[in-house]
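Trainee: Okay, structure incoming, though there's no sequence with it:
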RNA sequence: CGGGGUGUAGCGCAGCCUGGUAGCGCACUGCGUUCGGGACGCAGGUGUCGGAGGUUCAAAUCCUCUCACCCCGACCA
């Protein structure tokens, strides 16, 4: 491709709203352009990237025995009413009416449609298992789209749905999909991790998320460097500390702590580490009365874990200020378990602490030397915090570390949540009608592009992994306008490289060198050849990898071969 | 939905407080010089000042309503 015949639209300046680096670079490089909030046009350059990702996903899905299908974006309300999700899905489901005032929606996911197809077509265990997938535009009317295509309302997803006669078959396909995903992200050249995930509202037995690792990622992943343990922090279990609780040594003492509201202020005021403090969080209880949760000062509450406690009200609600004052006699910042008559749930770490500091239930006062059993009744002990780096790995094989990641894939064993709702039955070997087992497997195709940039960039722009780069090689003649030999050499090289099957972009714009080089770097082309007067004097061209800081010289004679070896080694 | 913010040229912004002929930089067009790391000179085009209503002799500026977008909270690929 020649730049003069392409539609390159790079920008020096970025729209003010772009917050994260991938969004800024995607706009600056002209990969995408916003049409409305969370809705983007994929410009020609961006589309090339998207198509390369799609191709790899498609090839690996096909190789894993999945069959491609294309389902409609617009779906009738009846199917969604049948599954119950017309009401359950809420405002995220974009609804519309046709000219006859019939209700439709734009598909945010396709369990209903694919189930409808399968229940009509599949009658016998002999037709199972079946794994159908599509790569298609979805619409979810997100409350708050942000970060460009990272969290868009309209986005491209690869969604697959598998159907099985029994759980063993489901588990086989599930494993095949996990392996398929690992191959996809490996081929895309991304650093990633598969982690055990919370099955959340869907339930079921197994679920894994695939995260592209990036410091800016929204999700925290706990993993054990000494084993293969990896889980979303939401799910990772914080084990009880080893050994028995320490003996009470200090006397219970009330100290005035004027103006102290946060743990940081408390630590500064008393000159103690956060590990010796306990913070109190009050939620509405299942019986309507507040429940006191106790956490070590430096730990974070894990709402997913708390939501599983029987003592709390669902959906979770932090207790209102008036409720707290009425029950504790003090405001948030001064709360504690001593003299509190109600349910107290202590994190396992807190349950093993002694001589700690906690709010006194008197405004602007704390208690020091607090001990469980002596100063207040033994609380319910539960795992209610996020794990932190250094915690023992739940598999007992070492200590946890925390990484940040961007969720780009999610696989679920749905079991028969939908097969029951939509009556997906088949006849087994004995002629008995049974419900199918189902799995579903998603990949955020558009999100992958943003995640890849988030993981691979520098101050000059994007550094695409080869597999998803819009072009493999940039060919930049310098001074072609005044030196016909430079132009002729570049043109000849362009033909030869293209003939050798290299996806090359020739910058034939006669731009100044700085502009041309900066553009090629911004759009993230992984390899570059510069043809200039300087090199031609000695029959050479300059090669430079996008991550390298210095060029190397290739002899013009075997430039194509040299380039091939660099590109293929990538 | 609640809280905060911004809407002025394709992009980034000033002007608004204190009403009086709509500006700057980048980008764009033409000519010339330059050109191995985002050049320079000269000339030029570009605006429903988000929209509607109001106050006023006069509104980008003040008031009311409205729309869009951005940021902070519950969702998710």
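Mentor: It's in. Predicted model, so just to flag it, every value in this text is computed and none were measured.

Trainee: Enumerate every residue touching residue A:402.
Mentor: Counting by C-beta atoms under 8 Å, 6 or more residues apart in numbering, residue A:402 makes contact with A:220-223, A:233, A:387-389. Just so you know, the C-beta spots here come from the backbone N, C-alpha and C atoms, and that holds for glycine as well.

Trainee: now residue A:286
Mentor: Each residue near residue A:286 by C-beta under 8 Å, 6+ apart is listed here: A:310-314.

Trainee: Return the member of those residues nearest to RNA strand B.
Mentor: Of all the contacts of residue A:286, residue A:314 has the smallest distance to RNA strand B: 11.0 Å, by C-beta to the nearest atom of the strand.

Trainee: Residue A:464: which of the contacts of residue A:402 is nearest?
Mentor: Each of these was scored against residue A:464 by C-beta to C-beta, and residue A:221 proved nearest at 23.7 Å.

Trainee: a strand runs through the closest one, doesn't it?
Mentor: Yes: judged by DSSP: H, G, I helix; E, B strand; the rest coil, residue A:221 forms part of a strand.

Trainee: correct me, but it touches residue A:197?
Mentor: No: counting by C-beta atoms under 8 Å, residue A:221 sits too far from residue A:197 to count as a contact (10.0 Å).

Trainee: Pick out whichever of these two has more residues nearby.
Mentor: In this view residue A:221 and residue A:197 are compared by other C-beta atoms under 10 Å, and residue A:221 has more residues nearby, 25 against 21.

Trainee: that older thread, which of the contacts of residue A:402 are buried? Put it as a PyMOL command.
Mentor: Buried residues within these, by 16 or more other C-beta atoms under 10 Å, are selected in PyMOL with:
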select buried, chain A and resi 220+221+222+223+233+387+388
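
Trainee: can you redo the contacts of residue A:402 as CSV with distance to residue A:55?
Mentor: Shown next, in CSV, are these (distance: C-beta to C-beta, whole Å):
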residue, distance to residue A:55
A:220, 32
A:221, 28
A:222, 33
A:223, 30
A:233, 33
A:387, 38
A:388, 40
A:389, 38
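
Trainee: Where does pLDDT dip in the stretch 251-400 of chain A?
Mentor: Within the stretch 251-400 of chain A, not a single segment meets pLDDT under 70.

Trainee: now chain A
Mentor: Scanning chain A for pLDDT under 70 picks out A:198-205.

Trainee: that older thread, what's the overlap in contacts for residue A:221 and residue A:197?
Mentor: Contacts common to residue A:221 and residue A:197, judged by C-beta under 8 Å, 6+ apart, are A:231-232.

Trainee: roughly how far apart are the most centrally placed residue in chain A and residue A:194?
Mentor: With distances taken as C-alpha atoms, centre = their mean, residue A:407 lies nearest the centre of chain A, 1.6 Å away. According to C-beta to C-beta, to the nearest Å, residue A:407 stands 11 Å off from residue A:194.

Trainee: Residue A:301 too?
Mentor: Note on residue A:301: its distance to residue A:194, by C-beta to C-beta, is 26 Å.

Trainee: Neighbour count: these two, which is higher?
Mentor: residue A:194 (19 against 16).

Trainee: you'd agree the more buried one is in a strand?
Mentor: Yes: under three-state DSSP, residue A:194 falls within a strand.

Trainee: residue contacts, it?
Mentor: A:178, A:181-182, A:208-211, A:230.

Trainee: and residue A:567, how many neighbours?
Mentor: Counted with other C-beta under 10 Å, residues neighbouring residue A:567 total 21.

Trainee: Now do the helix or strand containing it: which elements does it pack against?
Mentor: Residue A:567 is part of helix A:559-569, with elements assigned from DSSP states H and E. If contacts are counted by 3 or more C-beta pairs under 8 Å, 6 or more residues apart in numbering; DSSP states H and E, helix A:559-569 sits against helix A:484-499, strand A:527-532, strand A:540-545, strand A:552-555.

Trainee: if we can go back for a sec, any shared contact partners between residue A:407 and residue A:194?
Mentor: A:209-211.

Trainee: For RNA strand B, give me its nearest residue in the stretch 351-500 of chain A.
Mentor: Of all residues in the stretch 351-500 of chain A, residue A:444 sits closest to RNA strand B, at 2.8 Å by C-beta to the nearest atom of the strand.

Trainee: for the closest residue to that residue other than its chain neighbours, what are its contacts?
Mentor: Once flanking residues are discounted, residue A:444 sits nearest to residue A:408: 5.2 Å by C-beta to C-beta, 6 or more residues apart in numbering. By C-beta under 8 Å, 6+ apart, the contact set of residue A:408 is A:185, A:192, A:210-212, A:443-444, A:447-448, A:451.

Trainee: Please list the members of those that lie in helices.
Mentor: Among these, the ones falling in helices (DSSP state H) are A:185, A:447-448, A:451.

Trainee: Tabulate these in CSV, adding columns for distance to residue A:156 and neighbour count.
Mentor: Output for these, formatted as CSV (distance: C-beta to C-beta, whole Å; neighbours: other C-beta atoms under 10 Å):
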residue, distance to residue A:156, neighbour count
A:185, 16, 25
A:447, 9, 26
A:448, 9, 30
A:451, 13, 28
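
Trainee: What about RNA strand B: which of the residues you listed touch it?
Mentor: Contacts with RNA strand B are made by residue A:447 out of the ones in helices among the contacts of residue A:408, judged by C-beta under 7 Å from any atom of the strand.

Trainee: Need the max-distance pair from the ones in helices among the contacts of residue A:408.
Mentor: Within the ones in helices among the contacts of residue A:408, A:185 and A:447 form the most distant pair, 12.3 Å apart (C-beta to C-beta).

Trainee: before we move on, what SS does the residue in the stretch 151-300 of chain A positioned nearest to RNA strand B have?
Mentor: Distances between the stretch 151-300 of chain A and RNA strand B by C-beta to the nearest atom of the strand are smallest at residue A:155, namely 3.6 Å. Following three-state DSSP, residue A:155 is assigned to strand.
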